[in-house]
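# Task: produce atomic coordinates for the following.
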Amino acid sequence: MKKIRIVSPAKVIDKELVDYAVDFLQKNNFVVEVSKNALGKNNYFSGTDAERLADFQEALDDETIDFILCTRGGYGSVRIIDLLDFSKFVQHPKLIIGFSDITVFHNHIHTHFGLPTLHATVPLNFKSNTPKALYSLINALNDKPMIYDFPASKFNRLGEVNATLIGGNLSILHSLIGTNSDIDTSGKILFIEDIAEAIYAIDRMIFALKKSGKLEKLAGLIIGSMTNVKDSEIPFGKSVYEIISELVKPYSFPVCFDFPAGHIDDNRALIFGKNASLKVLKDKVIFEQ
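The predicted model follows:
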């Protein structure tokens, strides 16, 4: 049986949610361990930087585990990423799982080690997730093909592409531009999603991606959920989808909106650092990995 280590590299989480996740994963034939400080609390965080670092380092170094599952996002991963030693992890790779703030790990690992990571739901959300979201996670952990087929958005740009998938939370991607955890998007499919951002802020972040050259040589663009987006007191005048469509107009790569992943109950698993097939057709989108 494959083994999962649960860690909390960022925000504090309720024990009940972790217990629920442990039970679900055990019922799906995984051995589950909970790290020492996964249920800890230090103000906003699940523990001090040193405690969260120690838990994550131990998980990276442990050759007996197959997956590192982060309990949630929030904020905090960037505070420990540069203090981690990945040398044993590179010798014995394991999938690091999470989304939102865990985008820090997705990007850093892709840039420095070229190893896959898993953008998927986390224990914080297991109770509210759809069966499709939960079992996309289980399928990914069992190395089964993932095929998602869903209706087309009127904002889509048609096209087909096979390329390496990368990305994550837009706010985190934006915050990492120019750092040692930044990503090269050339020739790749970029996935983005976000939550609780103002429309003008999303406009600013997409412009930053454009100005930093991250849109110019993309193979494809996938927009997941843009959840609880807020307008400003003086209305911005455009929707998020209109903003993105306008900014990518000069390019020719396929663009897919309304992808079922991100801060939504139906948060489907995606493997970053692995090739994906994206078919943006007139009536539907087919994604395979």
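# Would you map the strands across the stretch 1-150 of the chain?
According to DSSP state E, counting those that start in this stretch, the stretch 1-150 of the chain carries its strands in the segments 3-7, 31-34, 67-70, 95-98, 117-119, 147-151.
# Which parts of the stretch 1-150 of the chain are helices?
Taking DSSP state H, counting those that start in this stretch as the criterion, the stretch 1-150 of the chain carries its helices at 15-27, 49-61, 87-91, 103-113, 131-141.
# for these, which one ends up most surrounded?
Of the helices of the stretch 1-150 of the chain, the one with the most neighbours on average (mean count of other C-beta atoms under 10 Å) is helix 103-113, at a mean of 23. Just so you know, the C-beta spots here come from the backbone N, C-alpha and C atoms, and that holds for glycine as well.
# domain ranges for this structure?
Following automatic domain parsing, the chain resolves into domains at 3-141, 147-288.
# Now do the longest one, average pLDDT.
Average pLDDT, domain 147-288: 98.
# Next: the shortest one.
The predicted model gives domain 3-141 an average pLDDT of 98.
# what about it, how long is it end to end?
For domain 3-141, the first-to-last residue distance is 10 Å (C-alpha to C-alpha, to the nearest Å).
# Same question for the last one.
Terminal residues of domain 147-288 are spaced 4 Å apart (C-alpha to C-alpha).
# related to what we said a few turns ago, which one, of the strands of the stretch 1-150 of the chain, ends up nearest to Ala198?
For Ala198, the closest of these is strand 117-119, at 23.8 Å, according to C-beta to C-beta.
# What residues sit buried inside that closest one?
Neighbour-count burial for strand 117-119 flags 117-119 (criterion: 16 or more other C-beta atoms under 10 Å).
# do stretch 273-280 as well
For stretch 273-280, burial by neighbour count (16+ other C-beta under 10 Å) applies to 273, 276-280.
# Ile199 versus the residue of the chain most remote from its centre, what's the distance?
Here the centre of the chain is the reference, and by C-alpha atoms, centre = their mean the most remote residue is Ile234, at 31.6 Å. As judged by C-beta to C-beta, to the nearest Å, Ile234 and Ile199 stand 11 Å apart.
# would JSON lines of the buried residues of stretch 273-280 with distance to Asp19 and secondary structure be doable?
JSON lines is the format used below for those (distance: C-beta to C-beta, whole Å; DSSP: H, G, I helix; E, B strand; the rest coil):
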{"residue": "Gly273", "distance to Asp19": "31", "secondary structure": "coil"}
{"residue": "Ala276", "distance to Asp19": "34", "secondary structure": "strand"}
{"residue": "Ser277", "distance to Asp19": "37", "secondary structure": "strand"}
{"residue": "Leu278", "distance to Asp19": "37", "secondary structure": "strand"}
{"residue": "Lys279", "distance to Asp19": "40", "secondary structure": "strand"}
{"residue": "Val280", "distance to Asp19": "40", "secondary structure": "strand"}
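# and these as JSON lines, adding distance to Val12?
Listed next are the buried residues of stretch 273-280 as JSON lines, based on distance: C-beta to C-beta, whole Å:
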{"residue": "Gly273", "distance to Val12": "29"}
{"residue": "Ala276", "distance to Val12": "33"}
{"residue": "Ser277", "distance to Val12": "39"}
{"residue": "Leu278", "distance to Val12": "36"}
{"residue": "Lys279", "distance to Val12": "41"}
{"residue": "Val280", "distance to Val12": "39"}
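# Would you format the helices of the stretch 1-150 of the chain as CSV with distance to Asn162 included?
Below are the helices of the stretch 1-150 of the chain laid out as CSV (distance: least, C-beta to C-beta, whole Å):
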stretch, distance to Asn162
helix 15-27, 32
helix 49-61, 31
helix 87-91, 26
helix 103-113, 18
helix 131-141, 19
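# So which of those is nearest Arg268?
Arg268 lies closest to helix 131-141 among these, at 4.5 Å (C-beta to C-beta).
# and the angle from the closest one to strand 147-151?
150 degrees (axes from the mean of the first three to the mean of the last three C-alpha atoms, to 10 degrees).
# Would you check that Glu251 makes contact with Leu215?
Rather than Glu, residue 251 is Tyr. Yes. With contact defined as C-beta atoms under 8 Å, Tyr251 and Leu215 form a contacting pair (6.3 Å).
# And the two? Which one has more around it.
Taking neighbours as other C-beta atoms under 10 Å, Tyr251 and Leu215 compare with Leu215 leading, 20 against 15.
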